[in-house]
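# heads up, no residue letters with this:
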């Protein structure tokens with residue numbers, strides 16, 4: 001199964017966007033961004049939102065399928081990281 005970093009890299013490369021361009025847009029170094037793609041650093045939820053926006057994809061496209069994370073669906077994985085869901089509305093924990 002692909003990890004989040006591999007998926008991000010594949011999407012970025014398919015759009016012909018450099019690591020430097022994504023990192024610059026995020027306000028981090030290229031080295032820090034490279035670690036996210038290589039899985040050396042776990043991407044923060046806030047980074048995933050920025051990356052999805054920069055790559056012009058849904059954040060759910062960056063997340064693992066349901067067969068990873070002990071059967072947790074990608075959306076559930078994101079919600080566990082970001083906050084909680086009440087009556088279909090996402091509330092972020094700050």
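Sure thing, it's come through. As the structure is a prediction and not an experimental result, all values here were calculated from the model.
# Next, give phi and psi for the closest residue to residue 30 other than its chain neighbours.
Distances taken as Cβ to Cβ, 6 or more residues apart in numbering place residue 23 nearest to residue 30, at 4.5 Å, with adjacent residues excluded. For every residue, glycine as well, the C-beta is placed using N, CA and C. Note on residue 23: backbone dihedrals following degrees, to the nearest 10 are phi -60, psi -50.
# now residue 23: how far from residue 62?
16 Å (Cβ to Cβ, to the nearest Å).
# pLDDT (mean, whole number) over stretch 60-76?
Stretch 60-76 comes out with an average pLDDT of 61.
# do stretch 29-48 as well
Averaging pLDDT along stretch 29-48 yields 91.
# List of residues touching that stretch?
3-6, 8-9, 12, 19-20, 22-24, 26, 28, 51, 59, 62-63, 78, 81-82 (Cβ atoms under 8 Å, 6 or more residues apart in numbering).
# change it to 6 Å
3, 5, 8-9, 19-20, 22-23, 59, 62, 81-82 (Cβ atoms under 6 Å, 6 or more residues apart in numbering).
# most neighbours, which of these?
residue 8 (24 neighbours; other Cβ atoms under 10 Å).
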